[in-house]
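>>> Predicted coordinates and the sequence they were generated for:
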Amino acid sequence: MKRARPGKKSWYRPPYPLILCKDHPGDPLPGYVVCEHLLRPPWPDAAYIERADKQDLGVAVCAECLARGELDADNMITACAHSVRERFGVPL
């Protein structure tokens, strides 16, 4: 087995659509792309949530972004399923 050089980090990337979460460490979790407005104060309610599954990332957006159709990468943040469950009550 090949060893990493001292001081060099090796990054493990789990298979899509699973992600690693710094707030919920452990096994890779289903991933979501979430509108940046939902994860920052003043905490609006989610207008649209599509659950993650084994093939695709889930999606959660606020009413403002849904109305404007702004679902581009500049306005989205990745989050794990535990974060989405805690914030929006979406079951795992």
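Thanks, I have the structure now. Keep in mind that this is a model prediction, so the values were computed, not measured.
>>> Tell me where this structure has strands.
Counting by DSSP state E, the chain has strands at residues 18-19, 29-35, 46-50, 58-62, 76-80.
>>> Out of those strands, flag the one nearest residue 88.
Residue 88 lies closest to strand 46-50 among the strands of the chain, at 5.2 Å (C-beta to C-beta). All C-beta atoms are positioned from the backbone trio N, CA, C, and that covers glycine.
>>> Distance from the chain centre to stretch 58-74, please.
Its chain's average C-alpha position is 14 Å from that of stretch 58-74, according to C-alpha atoms, centre = their mean, to the nearest Å.
>>> ok, residues contacting it?
Residues outside stretch 58-74 that contact it (C-beta atoms under 8 Å, 6 or more residues apart in numbering) are 30-35, 37-38, 44-52, 75, 79, 81, 84, 88, 90.
>>> Send me the helix or strand bottoming out on mean pLDDT in the chain as PDB with only the CA atoms.
Sorting the helices and strands of the chain by mean pLDDT, DSSP states H and E puts helix 63-68 at the bottom, at a mean of 87. Output in PDB follows, covering the C-alpha atoms of helix 63-68 (Å, rounded to 0.1, in the frame of the first residue of the first chain):
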ATOM      1  CA  ALA A  63     -39.500  31.000  -2.100                       C
ATOM      2  CA  GLU A  64     -37.500  33.900  -3.500                       C
ATOM      3  CA  CYS A  65     -35.000  31.800  -5.400                       C
ATOM      4  CA  LEU A  66     -37.700  29.500  -6.600                       C
ATOM      5  CA  ALA A  67     -39.700  32.500  -8.000                       C
ATOM      6  CA  ARG A  68     -36.700  33.900  -9.700                       C
END
